[in-house]
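Asks: just coords:
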């Protein structure tokens, strides 16, 4: 049976097509202001890439904040459960998964069969999320994709003291005015995110091996900073953005892992 | 310009609403109206009718009875003392919760901010300060606070006393639960009664206090029966409907209505058990609820209970934590009740109560609702969480606000609650 997992987040939406054997295709689209339209677009793109029509899909499981916007979903499951399941499929040995998305971050303790054992979330404050990087990148006139390599070039790490995105932006502007290198500032921002997420991770208990997923896991600067803060190497999937959709697809195909 | 007209209309509407409410609260007509309005709502259960009548009586005493000796107190003062002395107690924290359920918290919170109260402060107290400033709280003849559990309450009540020029009394509750602590506290209660006799102009009647303690014991026995009935599977009562038990536990004991209330609740629960007709049809996972919950209408509880099948089997603050009071030594036994509270002293006391109730009510997990600004409930939460986890009891911590709907983000709460249920099922 062909199934689809969909992860409709605040920034991007993903759809992943799975059959009994393997992943057939996936898509990543911008959510924009209309998560319903993003869901349709993501589904259409993924199915087109798999060469399938909608009526060939047996079951759809939706996750992410926009999960309720997926009209065709047979079931809605939270990101917590889907990330645990998705990462377990990719790295069965993983005990903790950290996800930093566009507007939230979460840490999930992963148990047997990819069942979540405990979790912590930050979705109240943009600090410690992808939005934080976006805002600071804009202030520094840097593209989002350039921030990671930029941070890795830093010889020193600027100390960003603020834990608020808006105030951190002011702080960054002050640092620029003081002549601090942009590489150092970006490294400082990566460190600030890592500190915040690292603290949240400790509330769950960081059991190794640890995986890092979500859009921000593509940022090599944050990966390194998080490894330093946690004192653990991080396993990063080849495409970290589709872990939630993969977990949703696995739940659609195989159902929940036994307790 | 249009915006200015809109803003001034809002201000006029607010002033009007406050003026009408102020008048209604202070008149017997208003209380009759409230009783009539309450009676016209969805058919109240017998115990709810008793509770509504009790609070209307409480309001009548505090607001409309000019001869009443009104004492503002925090909720950790034993209510038996007030009923036993013939005083009219007024609990600002309780009334802030009631105000929230009536849609008044925004008004209270905004007023308090304008007065300079910091936003970090608990909204029970902030809202109270605002509602008091708006003239929606009754006059006070005296103020009293205990040092137990919530330290903001004492500061707020002292502040009100300072502003009004009325006396403020502070009762220092020791952290230890032993005989020396009981001696120390009982001496303070005796002194407090003497001060009130002199200041408020009444004569202490030991028989009246003994009677209040007797009524408290009767209500306690019935409350324990309710707690026992709630062990049943399926759970007879809807947990979200029992969230207001704190208001009852902290005010109705020692009053004749306490006996009537718990008898009605016991009978209602027993009938539900006997007929196997639980209030909540969808029962999948039994849960223990820690601290409080929102007083205002929110989708959180219908979603947890009806959509997800989460059964709030028992609530931490519905606990009857004290032993039977000694009718021959009323003040001393009230002191014993005060020091025995599980939120006083080391956090292990709270944890032991939680673990005991989780086992008793066969709960698979616990939810702690962390109210904004409440240090006493959340300060040692990591210790609670780690210990519960060690004992195999997952704990979900929900950050929110019991009073201010503007400070409760439903989306994130729904995700957390759903994820927790997925984890437990």
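Replies: Right, received. Where do you want to start? Computed from a predicted structure; not experimentally measured.
Asks: model confidence over whichever strand or helix holds residue A:211, on average?
Replies: Assigned by DSSP states H and E, residue A:211 falls within strand A:210-213. For strand A:210-213, mean pLDDT is 98.
Asks: how about it and chain B, any contact?
Replies: No: counting by CB under 8 Å from any CB of the partner chain, no contacts exist between strand A:210-213 and chain B, the nearest distance being 15.9 Å. Where you see a C-beta, it was placed from the backbone N, CA and C, and this is true even at glycine.
Asks: parallel or antiparallel, list what pairs with that strand.
Replies: strand A:96-100 (parallel), strand A:234-235 (parallel) (DSSP bridges).
Asks: what's the distance between that strand and the middle of its chain?
Replies: Here the centre of strand A:210-213 is set off from its chain's centre by 9 Å, with CA atoms, centre = their mean, to the nearest Å.
Asks: contacts for it?
Replies: Strand A:210-213 has contacts (CB atoms under 8 Å, 6 or more residues apart in numbering or on different chains) with A:83, A:86-87, A:90-91, A:94-100, A:223, A:226, A:230, A:232-237, A:240-241, A:243-244.
Asks: buried deepest among the strands paired with strand A:210-213, which one?
Replies: Ranked by mean neighbour count, the strands paired with strand A:210-213 are led by strand A:96-100 with a mean of 29 (mean count of other CB atoms under 10 Å in any protein chain shown).
Asks: helix or strand next in line after that strand, which one?
Replies: strand A:105-110.
Asks: can you check what angle separates the next helix or strand after that next one from strand A:96-100?
Replies: Sequence-wise, the next helix or strand downstream of strand A:105-110 (DSSP H and E) is strand A:116-122. For strand A:116-122 against strand A:96-100, the angle by axes from the mean of the first three to the mean of the last three CA atoms, to 10 degrees is 30 degrees.
Asks: list the helices and strands strand A:116-122 packs on?
Replies: helix A:79-90, strand A:105-110, helix A:182-204, helix B:410-424 (3 or more CB pairs under 8 Å, 6 or more residues apart in numbering or on different chains; DSSP states H and E).
Asks: ranges for the strands of the stretch 1-150 of chain B?
Replies: Secondary structure of the stretch 1-150 of chain B (DSSP state E, counting those that start in this stretch): strands located at B:70-73, B:88-90, B:142-146.
Asks: centre of the chain to the first one, how far?
Replies: Relative to its chain's centre, strand B:70-73 lies at 15 Å (CA atoms, centre = their mean).
Asks: go through it and flag the buried ones.
Replies: Of the residues in strand B:70-73, B:70-73 count as buried by neighbour count, 16 or more other CB atoms under 10 Å in any protein chain shown.
Asks: what's the answer for the last one, then?
Replies: Counting neighbours by 16+ other CB under 10 Å, one finds that the buried residues in strand B:142-146 are B:142-146.
Asks: got the angle for the following helix or strand past it vs strand B:142-146?
Replies: Once strand B:142-146 ends, the next helix or strand along the chain (criterion: DSSP H and E) is helix B:151-164. Angle, helix B:151-164 to strand B:142-146, by the same axes, to 10 degrees: 160 degrees.
Asks: any chance you could list what contacts helix B:151-164?
Replies: So helix B:151-164 is contacted by B:72-76, B:92-93, B:121-122, B:125, B:128-129, B:132, B:140, B:142-147, B:167-168, B:170, B:373, B:375-376 (CB under 8 Å, 6+ apart).
Asks: which stretches of the stretch 101-250 of chain A have low pLDDT?
Replies: Low-confidence segments of the stretch 101-250 of chain A (pLDDT under 70): A:123-124, A:162-163.
Asks: on that earlier part again, among the strands of the stretch 1-150 of chain B, which is nearest chain A?
Replies: strand B:142-146 (31.9 Å; CB to the nearest CB).
Asks: what helices or strands is that closest one leaning on?
Replies: Using 3+ CB pairs under 8 Å, 6+ apart, strand B:142-146 sits against strand B:70-73, helix B:151-164, strand B:168-171.
Asks: which of these is buried the deepest?
Replies: strand B:70-73 (a mean of 26).
Asks: state the mean pLDDT of that strand.
Replies: Strand B:70-73 shows a mean pLDDT of 96.
Asks: taking the stretch 151-259 of chain A, what residue is nearest to chain B?
Replies: residue A:203 (7.2 Å).
Asks: could you find the closest non-adjacent residue to that residue?
Replies: Spatial nearest neighbour of residue A:203, excluding adjacent residues (CB to CB, 6 or more residues apart in numbering or on different chains): residue A:120 at 4.9 Å.
Asks: how far away is the one you found from residue A:158?
Replies: Distance, residue A:120 to residue A:158, by CB to CB, to the nearest Å: 27 Å.
Asks: thinking again about what came up before, adding distance to residue B:415, write the strands of the stretch 1-150 of chain B out as TSV.
Replies: Listed next are the strands of the stretch 1-150 of chain B as TSV, based on distance: least, CB to CB, whole Å:
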stretch	distance to residue B:415
strand B:70-73	39
strand B:88-90	39
strand B:142-146	38
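Asks: closest one to residue A:192 among these?
Replies: Residue A:192 lies closest, by CB to CB, to one member of these: strand B:142-146, at 41.1 Å.
Asks: ok, now which ones touch whatever residue of the stretch 1-150 of chain A ends up closest to chain B?
Replies: The stretch 1-150 of chain A approaches chain B most closely through residue A:80 (3.7 Å), counting by CB to the nearest CB. Shown in contact with residue A:80 (CB under 8 Å, 6+ apart): A:106, A:108, A:116, A:119, A:121, B:415, B:419, B:422-423.
Asks: which among these end up buried?
Replies: Those of the contacts of residue A:80 that meet the buried threshold are A:106, A:108, A:116, A:119, A:121, B:415, B:419, B:422-423, by 16+ other CB under 10 Å.
Asks: make a markdown table from these and add distance to residue B:343 to it.
Replies: A markdown table is the format used below for the buried ones among the contacts of residue A:80 (distance: CB to CB, whole Å):
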| residue | distance to residue B:343 |
| --- | --- |
| A:106 | 31 |
| A:108 | 31 |
| A:116 | 31 |
| A:119 | 27 |
| A:121 | 27 |
| B:415 | 29 |
| B:419 | 28 |
| B:422 | 31 |
| B:423 | 28 |
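Asks: in ChimeraX, how would I select just the buried ones from the contacts of strand A:210-213?
Replies: The ChimeraX command for the buried members of the contacts of strand A:210-213 (criterion: 16+ other CB under 10 Å) is given here:
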select /A:83,86,87,90,91,94,95,96,97,98,99,100,223,226,230,232,234,235,237,240,241,243,244
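Asks: interface residues of the stretch 251-400 of chain B facing chain A?
Replies: Residues of the stretch 251-400 of chain B lying near chain A by CB under 8 Å from any CB: B:382, B:385, B:389, B:394, B:399.
Asks: let's have the residues you listed in CSV, adding secondary structure, neighbour count and pLDDT.
Replies: What follows is those, written out as CSV (DSSP: H, G, I helix; E, B strand; the rest coil; neighbours: other CB atoms under 10 Å in any protein chain shown; pLDDT from 0 to 100):
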residue, secondary structure, neighbour count, pLDDT
B:382, helix, 13, 92
B:385, helix, 21, 94
B:389, helix, 16, 93
B:394, coil, 19, 96
B:399, strand, 18, 92
